[in-house]
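A.B. asks: sharing a model that was predicted from the sequence below.
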Amino acid sequence: MPQFRKHKLGDIADITSSKRIFLSDYVAAGVPFYRSKEIIEKANGVEISSELFITKEKYFEIKKRFGSPNDGDLLIAAVGERAGIPYCVKNDGDFYFKDGNLIWFKDFNKEIDSKYLYYFFRSETGQNILNGTMIGSAQRALTIIGLKNLELSFPAKTSQTCIASILSSLDDKIELNRRTNHTLEQIAQTLFKKYFVDDIDPENLPEGWRYEKVNNLFDISIGRTPPRLQHEWFSTNSEDVKWISIKDMGSSGIYISETSEYLTKEAVKKFNVPVIPDNTVVLSFKLTVGRVAITTEEMLSNEAIAHFIPKSLTHLTPEYVYLFLRSFDYDSLGNTSSIATAVNSQTIKGINILTPDKEIIKDFDLTVASLFYKIKTNQEEIKTLYKLRESLLPKLMSGEIEVNVTEKELAV
């Protein structure tokens, strides 16, 4: 078994936060300014949903006096239900972050590999330790002083670096697949625009083309959420039925195959929760309007998600419907809620979808089929790599799987 040595975190790195940025410092464009929300999205490999900026002048003024995050630094969400999620800075360029929301680890000493500490914090053991360090009950929070006094055991630096290298190689492949899929989807959207937007006059459509209400071409069902009190209708048991949330759609990519929760078969029956068939396009229309995905098996969803189940008479493919809904202007539907960004199900059913003739759809489908196939294959590989990483993580961190490597071997 590898030999471990204890260190206080305050002795191995400078643990601090940022200098305060005020609301008046925000500008429309400039250097990205991240809160814990955006850092958590980056940590999860999700596209940033909202972004703030400060001026370059303000950023360089702060950087000159106090520094700014560099590659290898760690940022940890400090407050709320997602406190404890770490992010390792890598190829991020210039950015700054919100004080109080995030804790910054920098200037690690020569005995510690910061990437190793990042993966340790991501492990179940690391998360449990961080949870035990938090203060507060209603609003859980990590503190700088608490983290400075936290004592952890580390293997030799060569072992740390080797473990981090094994895990980061898997992360690098996951990230490559995600970037590839983003590019492939952009190509598909460009082709969609070429076929169905450029040089198409909505007032003078080609022969055989028309606009049709989606409710005439699809059975639009809406998901359902059973009550969470008095009975365990929800589970994390993979033998139950996958239940899609808007959060799940935000991290899924085009094809949704994983959900954070399941519904029991008893709940599905009791509350008559609509079942979504495989290869069905789903659309979020409350709180976050306009997220779109395609199911990969029979699933369920909450009441903020509509399901476009094709009727026998439609020739529109899931790929076409996905791209149409991704490019649709949801602002044109208005906002039917006084408390949140949302449209109602009747408005969704009334969307006019461009319906080209069958031959054009067939030709387009053949053109984009290989793109969607590659995207789906890449997503399946991401899923496999993620499970491999999560299975290796605790074994490497605990020493159950030993890595014996010298500094000379690491340098090769």
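C.D. replies: Sure, I can see it.
A.B. asks: where do the strands sit along the stretch 251-400 of the chain?
C.D. replies: Counting by DSSP state E, counting those that start in this stretch, the segments of the stretch 251-400 of the chain that form strands are 255-256, 261-263, 281-284, 292-295, 300-301, 305-310, 352-355.
A.B. asks: can you redo those as TSV with mean pLDDT and distance to Phe108?
C.D. replies: All C-beta spots, glycine's among them, are computed from the backbone N, C-alpha and C. As requested, the strands of the stretch 251-400 of the chain are exported to TSV (pLDDT from 0 to 100; distance: least, C-beta to C-beta, whole Å):
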stretch	mean pLDDT	distance to Phe108
strand 255-256	96	38
strand 261-263	94	37
strand 281-284	97	41
strand 292-295	97	39
strand 300-301	97	44
strand 305-310	97	43
strand 352-355	97	54
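A.B. asks: columns distance to Lys106 on top of those, output as TSV?
C.D. replies: TSV is the format used below for the strands of the stretch 251-400 of the chain (distance: least, C-beta to C-beta, whole Å):
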stretch	distance to Lys106
strand 255-256	37
strand 261-263	37
strand 281-284	38
strand 292-295	38
strand 300-301	42
strand 305-310	41
strand 352-355	51
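A.B. asks: and of these, who's closest to Glu390?
C.D. replies: Across the strands of the stretch 251-400 of the chain, the minimum distance to Glu390, taken as C-beta to C-beta, is reached by strand 261-263, at 18.0 Å.
A.B. asks: excluding its backbone neighbours, what's nearest the residue of the chain most remote from its centre?
C.D. replies: For the chain, the largest distance from the centre (C-alpha atoms, centre = their mean) belongs to Glu207, which lies 41.8 Å off. Nearest non-adjacent residue to Glu207, counting by C-beta to C-beta, 6 or more residues apart in numbering: Asp357, 7.8 Å away.
A.B. asks: cool, and Ile351?
C.D. replies: The nearest residue in space to Ile351 (C-beta to C-beta, 6+ apart) is Val214, at 4.9 Å.
A.B. asks: got the contact list for the one you found?
C.D. replies: The neighbourhood of Val214, defined by C-beta atoms under 8 Å, 6 or more residues apart in numbering, consists of 220, 308, 348-353.
A.B. asks: tell me the pLDDT at it?
C.D. replies: Val214 is assigned a pLDDT of 96 by the prediction.
A.B. asks: could you check how far it is from Val321?
C.D. replies: Per C-beta to C-beta, to the nearest Å, Val214 is found 8 Å from Val321.
A.B. asks: sorry, back to before: just give the number of residues close to the residue nearest to Glu207.
C.D. replies: Using other C-beta atoms under 10 Å, Asp357 has 13 neighbouring residues.
A.B. asks: that one touches Leu205, doesn't it?
C.D. replies: No. Assessed by C-beta atoms under 8 Å, Asp357 is found out of contact with Leu205, at 10.0 Å.
A.B. asks: mind listing the strands for the stretch 1-150 of the chain?
C.D. replies: 5-8, 14-16, 26-27, 31-34, 52-54, 74-77, 86-88, 96-97, 102-106.
A.B. asks: by contact count, what packs against the helix or strand Thr158 falls within?
C.D. replies: Using DSSP states H and E, Thr158 sits in helix 157-196. With contacts taken as 3 or more C-beta pairs under 8 Å, 6 or more residues apart in numbering; DSSP states H and E, helix 157-196 sits against helix 114-122, helix 318-327, helix 358-398, helix 407-411.
A.B. asks: go through those and pick out the most buried.
C.D. replies: helix 114-122 (a mean of 22; mean count of other C-beta atoms under 10 Å).
A.B. asks: average model confidence for that helix?
C.D. replies: pLDDT averaged over helix 114-122 gives 96.
A.B. asks: again with stretch 393-410
C.D. replies: 72.
A.B. asks: repeat for stretch 217-231
C.D. replies: The model assigns stretch 217-231 a mean pLDDT of 90.
A.B. asks: please compute how far that stretch lies from its chain's middle.
C.D. replies: 23 Å (C-alpha atoms, centre = their mean, to the nearest Å).
A.B. asks: stretch 202-219 too?
C.D. replies: Relative to its parent chain, stretch 202-219 has a centroid offset of 34 Å by C-alpha atoms, centre = their mean.
A.B. asks: then stretch 295-312?
C.D. replies: Between the mean C-alpha location of stretch 295-312 and the chain-wide mean there is a distance of 20 Å, by C-alpha atoms, centre = their mean.
A.B. asks: start to end distance for it?
C.D. replies: Taking C-alpha to C-alpha, to the nearest Å, the first and last residues of stretch 295-312 lie 19 Å apart.
A.B. asks: cool, and stretch 148-163?
C.D. replies: 24 Å.
A.B. asks: how far away is Gly334 from Ala342?
C.D. replies: If you measure Gly334 against Ala342 using C-beta to C-beta, the figure is 10 Å.
A.B. asks: looking at those two, which is more packed in?
C.D. replies: Ala342 (18 against 8).
A.B. asks: so what's that one closest to, chain neighbours aside?
C.D. replies: Counting by C-beta to C-beta, 6+ apart, the residue nearest Ala342 is Lys286, at 4.1 Å.
A.B. asks: surely that neighbour meets Ala304?
C.D. replies: Yes. Contact criterion C-beta under 8 Å: Lys286 and Ala304 qualify, at 3.7 Å.
A.B. asks: what touches both of these two?
C.D. replies: With C-beta under 8 Å, 6+ apart, Lys286 and Ala304 have common neighbours 246, 342.
A.B. asks: looking at the two, which is more packed in?
C.D. replies: Shown here are Lys286 and Ala304; by other C-beta under 10 Å, Ala304 has more neighbours (23 against 19).
A.B. asks: mind listing what the more buried one touches?
C.D. replies: Applying C-beta under 8 Å, 6+ apart, we find Ala304 in contact with 223, 246, 284-287, 342.
A.B. asks: nearest to Asn44, out of the residues you listed: which one, please.
C.D. replies: The closest of the contacts of Ala304 to Asn44 turns out to be Ile246 (C-beta to C-beta; 14.6 Å).
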